[in-house]
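Chemist: From the sequence below, what's the structure:
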Amino acid sequence: MMGGGADPSLKDLDPGNRVQAVGYCRDSYRITTADGKVHAFWERNLRFKTDSSENGPQKGAPALVGAGMLGDRADAIFAAPEEISTFIKPEC
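Modeler: Numbers count the residues shown, from 1 in each chain. Here you go, the predicted model:
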């Protein structure tokens, strides 16, 4: 298998990668990061993941990590599965 090296630490994130809120409307997610920016993703281009390892994000501070080469895909990585539903709010 092709290895990409060690996973980066998601403990201490810069504000542009720390998720504050996740809104969902029709077929899109809008993620607000701690720097106040809003990032829109088509629902198939945003993946929700968890990382409970020592490199995972702190509880209550999910990480937004870019995925794909075009900048239109990303991973929202949470410390535990139960955090995911508390962050996603329906808003249009």
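Chemist: Just list the residues touching the residue nearest the centre of the chain, thanks.
Modeler: Taking Cα atoms, centre = their mean, the centroid of the chain lies closest to residue 76, which sits 1.8 Å from it. Listed by Cβ atoms under 8 Å, 6 or more residues apart in numbering, the contact set of residue 76 reads 19, 22, 31, 46-49, 62-64, 87. From N, CA and C alone the C-beta is placed, and that goes for glycine too.
Chemist: go with 7 Å
Modeler: 19, 22, 31, 46, 48, 62, 64 (Cβ atoms under 7 Å, 6 or more residues apart in numbering).
Chemist: and the helix or strand containing it, which residues are buried?
Modeler: Using DSSP states H and E, residue 76 sits in strand 73-78. Using 16 or more other Cβ atoms under 10 Å as the test for burial, strand 73-78 gives 74-78.
Chemist: Then stretch 25-41?
Modeler: 29-31, 33, 39, 41.
Chemist: what about dumping the CA coordinates of it to CSV?
Modeler: Extracted C-alpha coordinates of stretch 25-41, given in CSV (Å, rounded to 0.1, in the frame of the first residue of the first chain):
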residue,chain,number,x,y,z
CYS,A,25,-29.5,23.3,3.6
ARG,A,26,-30.9,21.2,0.8
ASP,A,27,-27.8,19.5,-0.7
SER,A,28,-25.0,21.6,0.8
TYR,A,29,-23.1,22.0,4.0
ARG,A,30,-21.7,25.4,5.2
ILE,A,31,-18.9,25.1,7.7
THR,A,32,-18.0,28.2,9.7
THR,A,33,-14.4,28.1,11.0
ALA,A,34,-13.0,29.9,14.0
ASP,A,35,-11.6,32.7,11.8
GLY,A,36,-15.2,33.6,10.8
LYS,A,37,-15.0,32.3,7.3
VAL,A,38,-17.8,30.2,5.8
HIS,A,39,-16.9,27.2,3.5
ALA,A,40,-19.6,25.7,1.3
PHE,A,41,-19.5,22.1,0.2
